[in-house]
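Visitor: Next comes the sequence, and after it the predicted model I'd like to discuss.
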Amino acid sequence: MDDMMKVAEVAAVLKVSPGTVVKIFAKMPGVKNLGTEGSLNKRRRRLLRIPRPLVERYVGHPITVSAPKPKPRKTSKDGLWIVEASHNLAKAVNEIRLLNII
């Protein structure tokens, strides 16, 4: 499955939104839908895997996909958010002191 691409990867290559990628490639032959089918009270979830040759044919030239940047996590296990929050609080207090409000 290394020649299959995720919707976000294709969106980055084409420089469009993931929704646009789904609209373009959802019904093309060769695209795998790993999501769920919708029903009367449930929303359909699309999880597409798009073959790289199909994207290259759509674009018209060979493509390269860089590794996605990892998103910074802000959880209670990660102490970075505490440092950032305390820094922002100290900055706000200093601004208030400069204005002679307190």
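Guide: Now that the structure is in, tell me what you want to look at. Residues are numbered from 1 along each chain as shown.

Visitor: just checking, residue 11 touches residue 20?
Guide: Yes - counting by Cβ atoms under 8 Å, residue 20 is a contact partner of residue 11 at 7.2 Å. The C-beta positions use only the backbone N, C-alpha and C, and glycine is treated the same way.

Visitor: which of these two has more neighbours?
Guide: The residue with the greater number of neighbours, taking residue 11 and residue 20 and applying other Cβ atoms under 10 Å, is residue 11; the counts read 17 against 14.

Visitor: Which elements pack onto the one helix or strand the more buried one maps to?
Guide: Assigned by DSSP states H and E, residue 11 falls within helix 7-14. Secondary structure elements in contact with helix 7-14, counted by 3 or more Cβ pairs under 8 Å, 6 or more residues apart in numbering; DSSP states H and E, are helix 18-25, strand 48-51, helix 52-59.

Visitor: same thing but at 10 Å, please
Guide: Contact here means 3 or more Cβ pairs under 10 Å, 6 or more residues apart in numbering; DSSP states H and E; on that basis helix 7-14 packs against strand 4-6, helix 18-25, strand 48-51, helix 52-59.
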